[in-house]
Structures are given as C-alpha cells and as structure tokens.
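Asker: Next input, structure requested:
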Amino acid sequence: MKRLKKENVLPFLKEMNKTEKVFCPQWVDDRDLLFIPLGEGEYKGDIGKTTISVKTLVFPQTEDIISFRGESISKIIDSSKKLLFGIRPCEMKAIQLTDRFMKRDDIADPHYLSKRKEMTTIVIACHEPPSDTCFCIDAGGMPYLENGYDVQLFDVGDFYIAIAGSERGEEILENKYFEQGIEEDREKLEEIKSKARHSQNNKPGLKNAIEILKEEKADEDFWERLADRCINCGGCVYVCPTCTCFNVYDIPSQGGYVRCRSWDACLHAGFTRETSGHNPRPTQGSRLARRHEHKLKFDIINFGESGCVGCGRCSDTCPVGLGAIEIIQELNKL
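Answerer: This next block holds a predicted model:
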C-alpha cells in the first residue's frame, strides 16, 4: 500500500509520458471533460465522468484493420504502449466485459487485443457518485473494484491511497512519486469503501427490471410506445462503454484498399437489414427492445452479469429521456 500526493499526479504523468502515451481526464475549452492524451487539454485534477468513455482507446470509433496492396494482404495492428489514468470503476468493468466479447467462442480479435495487451490501467475509485445519473451499485457493481486493474487509487483528500492489482501495478508503485503508506491507511481505506457504498442514492430498480424482461412482461406494444419518443440519433449507443456493434467497409488507398471498421448501432434500421431487403427488426420498437434485452436479459443468461454497468451516460445524452435509467423505470411500471 502506497500514497500518491495529488500535487505529484501531474509530474508523475509527465514522467510516464516519456515512455508510453498517457491518457487522462482533461478539460477542453473549460467545457468538456474528455479522456484524451496528456497535453491535449488541461489537467486540473478533476476525474469526474468524462462525456465519452475510455472504450475509444481500445475500440476506436473508426480504425483501419486490413491493408490490400496488389497481392499483399496485411493486418494493421496498434501495439503502442498506453497508460490510462483516472478510469472510473464502472468503466474498468465495461472494459472487462468488452474483453470477454472480443475473445468469445475462442475467436480473438487481434486489433482489440493488441491494444489491450499494451495498456496500463490506473483506476480511481469513487468516494461519491460523479453525477446524479450514476447507478453502478443498482447495476450490480461497486464504487471500487476488487480485481481487474493494475493500480487503484482511493481519494483521501490531499493524497490517494494506492493499491496494486497486478505485477505491472507493483512496478508502477515503485515510481519515485509514490510514498510508503502508514498502518492507519488500512483503516482509512475501509472507511472510504464503506462511505462510498452508502453514498449512491440513484436506484432505478435494475434487478426487478431484469426479472420483468425474463418473464417477457414487456410486449411489443410496450416497446413501440417508448419508440414513439425515440428519434434514432444513436447517442445512447455511442456513449455506452459496453456497446460493440460495428460495420466494416473498404475504401480506396494509395496502391490498393484499406478495410476499416466503425461503430454502428443496433437501433439503426440499416444495421439489422439483410441483403435481401428483409429486416428481422423492422420497427424502431423492435430495435429498442433488442438493445435492452441484449444488455439486461441475454447477457445475464449467457454470461451471468448485466451488460449495463450503471454509468448513466445514455441518460445524460438522450435528448428525449430514453436512457437506461428511464427504460428501467418504465419496465418497473409493468
């Protein structure tokens, strides 16, 4: 157990940036808190909840995956080293869920895994909810993690208590900016965890909503009624840290072609439409049902845990009030 003074965070990040690319929450134009490369915004020590999730660093919105030149075909792999500082526990859990998806059925995605392998993760536990829409506890998570990280920091005020969760984490804690902790830190750590567990008041009722979906109480009329409000902007999908829908296309490049993939959305009619023209999800209501049944029903049936981590971004983003919180509340009315 070590300590990291908050005044030493930026010097630490600058030092690490000499050997690997550092990403952390930074303010852009004093308006948007974004998880971006160190120096591309202003680091003020705020961790908060970034508008866009850190998923973009392992599963970019658009990326080149294959190059075709003459008779040559080659994968395009990014294996550069990255250090992610200031990941929230819900986001780290989302990365763990995406890890499972990208390695499912013994079919590994080399583009995702190459980036993930060279990534160091420093999580900052939540001592209080970053926003009113956070509901990680209701979603089956916690404001801190028990595993699955390299380093986890707990906010004590002027400093963080630092815990290593991997061999890489142990190496990080040997950095000169980390100081040896004291025995009282263990007691303080348990106090922080206890307060964090009781600090979250947002409880939309996910567990009950899951049972309602399993019992198929949400019929077609229910979803079509909600879909009447949906404007199909895709905002909820694009800010979600666990969505993995994508499209693949080829574009001309000098001397050949490049195959790209980019995020897509199961809410869009074009995503489910088949080559024949038939669409197994022909209405907006059926697509709205598919998205939420995937996360709140079939992920639990297939993997034993919800595909929603309770970050609340979709409720922050949706202009018509159809984020996960609102959907869960509507399900509970049934």
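Asker: Show me which residues of the helix or strand where Glu330 lies are buried.
Answerer: Assigned by DSSP states H and E, Glu330 belongs to helix 324-332. Residues 324-328, 330-331 are the ones in helix 324-332 that count as buried (16 or more other C-beta atoms under 10 Å). Backbone N, C-alpha and C define where each C-beta goes, glycine included.
Asker: Is it possible to get a markdown table of those residues that adds distance to Arg229 and pLDDT?
Answerer: As requested, those are arranged in a markdown table below (distance: C-beta to C-beta, whole Å; pLDDT from 0 to 100):
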| residue | distance to Arg229 | pLDDT |
| --- | --- | --- |
| Ala324 | 15 | 96 |
| Ile325 | 14 | 97 |
| Glu326 | 9 | 97 |
| Ile327 | 11 | 97 |
| Ile328 | 15 | 97 |
| Glu330 | 10 | 97 |
| Leu331 | 15 | 97 |
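Asker: ok, so of those residues, who is nearest Asn232?
Answerer: Checking the buried residues of helix 324-332 against Asn232 with C-beta to C-beta, the nearest one is Ile327 at 15.4 Å.
Asker: correct me, but that closest one touches His292?
Answerer: Yes - counting by C-beta atoms under 8 Å, His292 is a contact partner of Ile327 at 5.6 Å.
Asker: Tell me how far the residue nearest the centre of the chain lies from Glu179.
Answerer: The centre of the chain sits closest to Pro241, judged by C-alpha atoms, centre = their mean, with a distance of 2.9 Å. The gap separating Pro241 from Glu179 is 32 Å, by C-beta to C-beta, to the nearest Å.
Asker: again, but for Ile77
Answerer: As judged by C-beta to C-beta, Ile77 and Glu179 stand 38 Å apart.
Asker: And for Asp250?
Answerer: Distance from Asp250 to Glu179, by C-beta to C-beta: 53 Å.
Asker: got the phi/psi numbers for Pro129?
Answerer: Note on Pro129: backbone dihedrals following degrees, to the nearest 10 are phi -60, psi 130.
Asker: what about it, neighbour count?
Answerer: 20 (other C-beta atoms under 10 Å).
Asker: now the one 5 residues further on
Answerer: When neighbours are defined as other C-beta under 10 Å, Cys134 has 27 of them.
Asker: which residue sits closest to it, ignoring its sequence neighbours?
Answerer: Gly312 (5.2 Å; C-beta to C-beta, 6 or more residues apart in numbering).
Asker: Tally up the residues packed near the one you found, please.
Answerer: 26.
Asker: cool, and Ser67?
Answerer: Around Ser67 there are 16 other residues, counting by other C-beta under 10 Å.
Asker: Now do the helix holding Glu330: which elements does it pack against?
Answerer: If contacts are counted by 3 or more C-beta pairs under 8 Å, 6 or more residues apart in numbering; DSSP states H and E, helix 324-332 sits against helix 206-214, helix 220-227, helix 313-317.
Asker: Thank you, goodbye.
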